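1. Fold the following for me, if possible:
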Amino acid sequence: MGQPEALSPEWEARLSQAVATGRAADLHRRIARWRPAYLPLILAYLVVVASDFWSNGPTPGTLGWPLTILWSWPLFTTLTGIVGIRRTRQALRRSAERWSGKGITTSDELLIVAVPTVGRHDTFPALERSVRSFLAYLPPCFPHLRIDIVVDEGCEAFADIAALASGSEAIRLITVPESYSTPNGTRFKARATHYLHELRIHEDEARDDVWVLHMDDDTGVGPDTALAMARFIAEQAEAGDDGKHLAQGILTYPREYARNRLTWLADAARPAEDVGRFSAWTGGGTPRAGVHGELLLVRASIEAAIGWDFGPRTLVEDAQFALYFSARYPGRSAWVAGRCYGASPATVHDFFRQRERWSWGLAALVFNRSLQLRNRVLLGYSVLSWVVGPIQNVGIVMLLGVLIADPNTSPVAAWVIPFWALNMAYVVWMYWEGLRVNAEVSADGRRRWWELVAVVLLIPVFGLLEGVPGLRGFMKFARREENRFAVIAKPS
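-> Numbers count the residues shown, from 1 in each chain. Modelled structure (predicted):
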């Protein structure tokens, strides 16, 4: 596999300044050894398929046909995720072979970190943490660096953000005027992002040799982030006209950033999705599954051709950008091994609000005729999987079986069971492997025994935590309610 890359003395000095405990070098070595594992998937599959055949009745009950359809429905997502695991392992192996022993990679191209923020007092501590991580980890790999913090005129934490920006020449504070409006009337975060995009065009920075790193205001970077991005950009320079235009890596959640252990465990699915399903699509060259708004690296010239002016009903501008990119530049996206470091919602209520907004926004994209039909079909499949989540839930199915006095959950034919088992095994893998990823980027780098037990036993609970707000968001879209961009409090 090759040894983890040595840290330069300059980088070591910056890391010691940024992380007083000296954990950063250990983190760098720890995550350099990581590969997504097949074993949890295989073991979970064997256990589930054996238990399903053991409990299978000779004939289906009342729930036979509904469950045959509902529990088989996610199969395409499962197979895509497994393809993504294989692609991630291959990408990590190729990267290790190419870059082993070459040390720090430095990019001569300009990197602009775009950080829009709502500018509230309760979001400022996380913003400060994130910005300080940019200053600590990015300059060794990107000597040409600028951090653009974007706020709305009159935001409540403006004085604190201005003081933060004044602490470094690399930071530029950009205020979006209250009177500013886009041609299509876009609102919320997309409005601020489009304003910054227009400013780059005006300043002649919408060029092929300029890269824009989009980050949320609660999500920082680490030593692996900078190195992975610099190497990706170097590879695109070598590829010339055949190079990629967009890349995304892994969103992780260090344990020490979590105020709520339940939501932290529930968010184990998100890094697993990045190394599974999103790796399959984005790493395959065309991000039809969407992208997330943090650790999104885009060539400035390409972003200038798409923009962010998607209209007033836009709630998930990152996913919409990905679908426009997929239509215009198929085969030109990539997956990178770098991570970003965020925080799970501080409360279950915030977790619900976050998922509800995502579901609401994605449902709107499914019916957006400005997008290619083939992309909307895939998105519609994913949204439907999410919306029916509550009635797919094992706990809800068991309760329903008791209520109708027919607890028989056998499918209409025994050959369906291996597909059911594969779907369930992949869900177990997501939470098991995602917990591993989040634990490895945490302070001590270890999964605690009770976390391993809890993350598997709580899967039905997590299913409801994801599915109920997903259904609520879809219903709000269906009722054509006035959309709202809910910005949750950000743990520091």
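2. and the nearest residue to G285 once chain neighbours are set aside, which of the three is it?
-> Excluding the flanking residues, the one nearest G285 by C-beta to C-beta, 6 or more residues apart in numbering is G331, at 3.8 Å. Any C-beta I mention is one placed from the backbone N, CA and C, and that applies to glycine too. Secondary structure assignment for G331 (DSSP: H, G, I helix; E, B strand; the rest coil): coil.
3. and G331, how many residues sit next to it?
-> Neighbourhood size, G331 [other C-beta atoms under 10 Å]: 11.
4. ok, it touching G283?
-> No: applying C-beta atoms under 8 Å as the test, G331 and G283 come out as separate, 11.4 Å apart.
5. May I have the phi/psi pair for D122?
-> phi -80, psi -10 (degrees, to the nearest 10).
6. can you check P116 too?
-> Dihedral pair for P116: phi -70, psi 140, per degrees, to the nearest 10.
7. which residues touch it?
-> Residues in contact with P116 (C-beta atoms under 8 Å, 6 or more residues apart in numbering) are 150-151, 189, 192-193, 196, 217.
8. In contact with W281, which residues?
-> Counting by C-beta under 8 Å, 6+ apart, W281 has contacts 80, 84, 287-289.
9. one more time with 7 Å
-> Contacts for W281 (C-beta atoms under 7 Å, 6 or more residues apart in numbering) come out as 287-289.
10. Counting neighbours, which of the residues you listed comes out on top?
-> Neighbour max across those (other C-beta under 10 Å) = P287, 29 neighbours.
11. that's a strand at it, yeah?
-> No: looking at P287 with three-state DSSP, it is coil, so not inside a strand.
12. Put together CSV for the contacts of W281, with distance to Y45 on each row.
-> Putting the contacts of W281 into CSV (distance: C-beta to C-beta, whole Å) gives the following:
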residue, distance to Y45
P287, 28
R288, 26
A289, 23
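13. Max pairwise distance over the contacts of P116: which two?
-> L196 and D217 (13.5 Å; C-beta to C-beta).
14. neighbour-wise, which of these two wins?
-> D217 (27 against 21).
15. Which pLDDT does the model give that one?
-> D217 carries a pLDDT score of 94 in this model.
16. same thing with V487?
-> 72.
17. Skipping adjacent residues, who's closest to it in space?
-> Residue nearest to V487 in three dimensions, not counting chain neighbours: V118, with 4.6 Å by C-beta to C-beta, 6+ apart.
18. Could you report the neighbour count for the one you found?
-> Neighbour count of V118, defined by other C-beta under 10 Å: 21.
19. Over to L63?
-> Counted with other C-beta under 10 Å, residues neighbouring L63 total 19.
20. Chain neighbours aside, what residue packs nearest to it?
-> Counting by C-beta to C-beta, 6+ apart, the residue nearest L63 is T409, at 5.9 Å.
21. Run a quick check on V397 versus T409, I expect a contact.
-> Yes: taking contacts as C-beta atoms under 7 Å, V397 lies within contact range of T409: 6.3 Å.
22. which of the two has more neighbours?
-> T409 (21 against 18).
23. Unless I misread the structure, W360 falls within a helix.
-> Yes: assignment of W360 by three-state DSSP places it within a helix.
24. Contacts only, for it.
-> Here W360 is in contact with 315, 473, 476-477, 483 (C-beta under 7 Å, 6+ apart).
25. Could you rerun that using 6 Å?
-> Going by C-beta atoms under 6 Å, 6 or more residues apart in numbering, W360 touches 315, 473, 476-477.
26. Now do the strands in the stretch 201-350 of the chain.
-> Along the stretch 201-350 of the chain, the stretches classed as strands by DSSP state E, counting those that start in this stretch are 210-214, 220-221, 246-252, 296-299, 333-341.
27. hmm, who's touching the helix or strand harbouring T68?
-> Secondary structure assignment for T68, by DSSP states H and E: helix 64-70. The contact list for helix 64-70, computed with C-beta under 6 Å, 6+ apart, reads 392, 409, 411-412, 416.
28. can you tell me the average pLDDT over it?
-> The model assigns helix 64-70 a mean pLDDT of 94.
29. Starting from that helix, tell me the next helix or strand along the chain.
-> Defined by DSSP H and E, the subsequent element after helix 64-70 is helix 75-99.
30. Could you pull up the mean pLDDT of that next one?
-> For helix 75-99, mean pLDDT rounds to 94.
31. counting contacts, what elements does it pack onto?
-> For helix 75-99, the elements it packs on are helix 277-282, strand 333-341, helix 417-440, judged by 3 or more C-beta pairs under 6 Å, 6 or more residues apart in numbering; DSSP states H and E.
32. a markdown table for those, including mean pLDDT and distance to L452?
-> Formatted as a markdown table, the helices and strands packed on helix 75-99 follow (pLDDT from 0 to 100; distance: least, C-beta to C-beta, whole Å):
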| stretch | mean pLDDT | distance to L452 |
| --- | --- | --- |
| helix 277-282 | 96 | 23 |
| strand 333-341 | 95 | 21 |
| helix 417-440 | 97 | 7 |
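33. and of those, who's closest to L164?
-> So among the helices and strands packed on helix 75-99, strand 333-341 is nearest, using C-beta to C-beta, at 18.2 Å.
34. mind listing what that closest one pairs with, with the direction of each?
-> Applying DSSP bridges, strand 333-341 is found paired with strand 220-221 (antiparallel), strand 246-252 (parallel).
35. hmm, back to that, turn the strands of the stretch 201-350 of the chain into TSV, columns for mean neighbour count.
-> Output for the strands of the stretch 201-350 of the chain, formatted as TSV (neighbours: other C-beta atoms under 10 Å):
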stretch	mean neighbour count
strand 210-214	24
strand 220-221	25
strand 246-252	26
strand 296-299	24
strand 333-341	25
